[in-house]
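A.B. asks: build the 3D model from these lines:
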Amino acid sequence: MTGHPLLIPNIAAEEGSDWTRRRDQPVVQAVVSTWRLLFEAGSEILGERSTGAWPRDLGGPAAAPVFAWLDAGGAATAWLNTSQAVQLAADHGRELCGPAPGVVARVHDKAFALEIAVREGLVPPLLRDCSFVFEPSDLTARDAPARIEAALAGWPAWARRRFTLKPRFGSSGRGRVAGRDGRSDDPALAAALPRLAGCGGALLEPWLERIEDLSAQIHLHPDPTRAVVLLGTTRQVLAPSGVYRGQRGILDSKGRIVSGSDHDEDLREAAVTVAAAARERGFSGPCGLDAFSFRDALGGTHLRPVVEFNARFTLGTVAIGIARRALARIRHQLGLAPGERRPFFFGLDAPPGGWPEEASSPEHLLVSLTAPASASRPALLVASDDTALDRLLASSPRESRQPAPRRGGGSG
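C.D. replies: Here you go, the predicted model:
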């Protein structure tokens with residue numbers, strides 16, 4: 001066993017064991033190349049001969065991981081702990097760090113997040129009794145459409161108007177199917193039921209008009225007496241279509257990161273609550289909580305603080321880790337002093353308007369994270385203030401500090 005860790009980049013492994021087919025996709029390559037920057041330089045990546053060059057903008061190759069809890073010695077670390085990841089680690093003479101796959105599966109299930117939200121009173125009053133969990137056997141039963149309509153019948157009229165079935169194990173919003181008017185006889189919905197059964201079941205939820213997508217990143221020590229560590233909160237930047245573009249956050253001189261949302265305190269409280277519940281079930285390691293604010297039919301704004309609990313690494317954790325890596329340079333370049341903050345954007349690729357032509361100026365710093373021969377251009381962009389960051393990103397209203405609703409956004 002070597003002294004460097006082995007990284008198993010099983011991105012989207014919750015969708016099945018064929019995640020290796022996505023490895024050549026530019027977005028997956030960008031995820032892998034930025035994720036590895038959280039670890040010590042020289043860490044091996046499963047399936048790649050080279051460990052990759054260290055980005056010049058982050059200084060010399062790091063001798064240690066960005067977080068002490070990432071120091072795994074010569075063991076293996078996976079993006080998501082699965083039975084396949086355990087076997088892959090063993091095939092390379094390594095042990096897999098972190099919790100057992102069975103524990104991960106229990107809390108990574110979207111039904112777990114819903115259970116805790118209900119138990120802890122974290123479901124907005126408007127959405128109470130407007131979610132339903134379907135087991136795989138429910139979706140393959142002959143009367144599955146009737147069961148769906150029966151569940152919808154108990155919802156208020158506004159919620160039945162547009163709804164969605166989403167897989168209990170899935171990532172990036174893939175695999176969802178939409179319905180209308182409280183009916184389940186749509187051919188596309190009926191055709192999707194066997195597939196959703198194969199994803200471990202589904203959640204039935206209203207289709208909401210999302211305003212702001214938020215996330216919290218956490219680390220849980222294996223010792224249950226240790227405190228829950230909130231790594232930070234961020235705002236997810238999504239295209240109108242729902243495609244992930246990056247994360248925005250606000251960084252202080254100590255490396256602490258907050259989302260800047262008016263809902264940040266409620267998000268933080270919910271994150272610690274759900275993470276503590278996951279640890280009660282035996283989970284430890286990095287994890288994340290997704291949340292969003294939404295608009296009701298009368299124009300009122302609400303926060304849904306618990307949407308999904310990701311029992312794995314997240315891109316929010318990657319963004320926070322890279323901001324920590326670049327902290328010394330940010331403090332020097334932008335004069336980040338105690339008591340001050342600077343907003344940033346982490347993207348797996350350039351935004352629609354492209355990255356700034358100049359790498360640095362008195363009002364911004366661009367930290368390139370591009371790997372050699374990469375089809376994407378991941379980077380961290382830090383600015384003097386939100387106005388400057390919005391202008392540098394040539395942002396649409398969706399990406400501004402007060403984002404416009406993302407019509408067509410699902411419930412999670």
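A.B. asks: sec struct for the closest residue to Leu139 other than its chain neighbours, please.
C.D. replies: Closest residue in space to Leu139, ignoring its immediate chain neighbours: Ala197 at 4.1 Å, by C-beta to C-beta, 6 or more residues apart in numbering. For the C-beta atoms, the positions are set from N, CA and C on the backbone; glycine is no exception. Following DSSP: H, G, I helix; E, B strand; the rest coil, we place Ala197 in the helix state.
A.B. asks: is it true that Ala197 touches Leu165?
C.D. replies: No - applying C-beta atoms under 8 Å, one finds Ala197 not in contact with Leu165, separated by 10.8 Å.
A.B. asks: just the strands in the stretch 1-150 of the chain please.
C.D. replies: Here the stretch 1-150 of the chain has its strands, by DSSP state E, counting those that start in this stretch, at 6-8, 44-45, 76-78, 132-134.
A.B. asks: for the first one, packing partners?
C.D. replies: Spelled out, it's strand 6-8. strand 44-45, strand 76-78, helix 83-91 (3 or more C-beta pairs under 8 Å, 6 or more residues apart in numbering; DSSP states H and E).
A.B. asks: including distance to Glu149 and mean neighbour count, could the ones you listed go into TSV?
C.D. replies: Listed next are the helices and strands packed on strand 6-8 as TSV, based on distance: least, C-beta to C-beta, whole Å; neighbours: other C-beta atoms under 10 Å:
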stretch	distance to Glu149	mean neighbour count
strand 44-45	48	20
strand 76-78	40	26
helix 83-91	36	16
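A.B. asks: let me have those in JSON lines, extended by mean pLDDT and distance to Gly354.
C.D. replies: Converted to JSON lines, these look like this (pLDDT from 0 to 100; distance: least, C-beta to C-beta, whole Å):
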{"stretch": "strand 44-45", "mean pLDDT": "94", "distance to Gly354": "28"}
{"stretch": "strand 76-78", "mean pLDDT": "97", "distance to Gly354": "34"}
{"stretch": "helix 83-91", "mean pLDDT": "97", "distance to Gly354": "37"}
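A.B. asks: output the ones you listed as a markdown table; include the columns distance to Thr301.
C.D. replies: As requested, these are exported to a markdown table (distance: least, C-beta to C-beta, whole Å):
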| stretch | distance to Thr301 |
| --- | --- |
| strand 44-45 | 42 |
| strand 76-78 | 38 |
| helix 83-91 | 40 |
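A.B. asks: and of these, who's closest to Ile250?
C.D. replies: Ile250 lies closest to strand 76-78 among these, at 28.4 Å (C-beta to C-beta).
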